[in-house]
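Q: what follows is a predicted protein model with its sequence.
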Amino acid sequence: MEGVKIIALNRRARFDYTVEETLECGIALLGSEVKSLRIGRASFPDGYAAFENGELWLRNVHIAEYTCSSIFNHDPDRPKKLLAHAMELKRLERRVNEKGFTLVPLDFHFRKGRVKVELGLCRGKKYSDKRESIKERDVKRDIQRIIRDRQS
């Protein structure tokens, strides 16, 4: 993707969930939060998005305090409002209300200087599905190793 700078990836999300579809949302942040994100100080292993009064809120996402800021810094664990078109929000809310679906943040990135969140509409994987993912990853790694050895 051109003009996109990845801030943080949620690699665990793709292992724990099957991603059905993705959506890029804007996020309402304070100035010190944006500065903290610019230096890559975000963590969201247990993050999720939930609907509240027709609005989409990002929860359990930790954006560390900006060290060069004044004493009036932001709360690192506050819920953050996500910005998307009303029709997208209605469609997503219907899908999330179906059994087994949840909204999980997949990554934070900058697009044209603005912080964006890529949300995934996800369904949780069973234990056997996770084992299958591990097996596929190992097979791909073995194939790449064989190809690399034959080329040299």
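A: Yep, it's here. Residues are numbered from 1 along each chain as shown.
Q: quick one: the longest helix belonging to the chain to chain centroid distance?
A: For the chain, the helix with the greatest residue count under DSSP state H is helix 127-151. Distance of helix 127-151 from the chain centroid (C-alpha atoms, centre = their mean, to the nearest Å) equals 25 Å.
Q: kindly report the same for stretch 111-124.
A: Relative to its parent chain, stretch 111-124 has a centroid offset of 5 Å by C-alpha atoms, centre = their mean.
Q: output it in PDB with nothing but the alpha carbons.
A: This file holds the C-alpha atoms of stretch 111-124, laid out as PDB (Å, rounded to 0.1, in the frame of the first residue of the first chain):
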ATOM      1  CA  ARG A 111      -2.400   7.100   5.800                       C
ATOM      2  CA  LYS A 112      -1.700  10.600   4.500                       C
ATOM      3  CA  GLY A 113      -0.600  11.700   8.000                       C
ATOM      4  CA  ARG A 114      -3.800  10.400   9.700                       C
ATOM      5  CA  VAL A 115      -4.000   7.500  12.200                       C
ATOM      6  CA  LYS A 116      -6.200   4.700  10.900                       C
ATOM      7  CA  VAL A 117      -7.200   1.400  12.400                       C
ATOM      8  CA  GLU A 118      -7.900  -1.700  10.300                       C
ATOM      9  CA  LEU A 119     -10.700  -3.600  11.900                       C
ATOM     10  CA  GLY A 120     -11.400  -7.200  11.200                       C
ATOM     11  CA  LEU A 121     -14.800  -8.800  11.400                       C
ATOM     12  CA  CYS A 122     -13.700 -12.100  13.000                       C
ATOM     13  CA  ARG A 123     -14.900 -15.400  14.100                       C
ATOM     14  CA  GLY A 124     -13.000 -17.300  16.800                       C
END
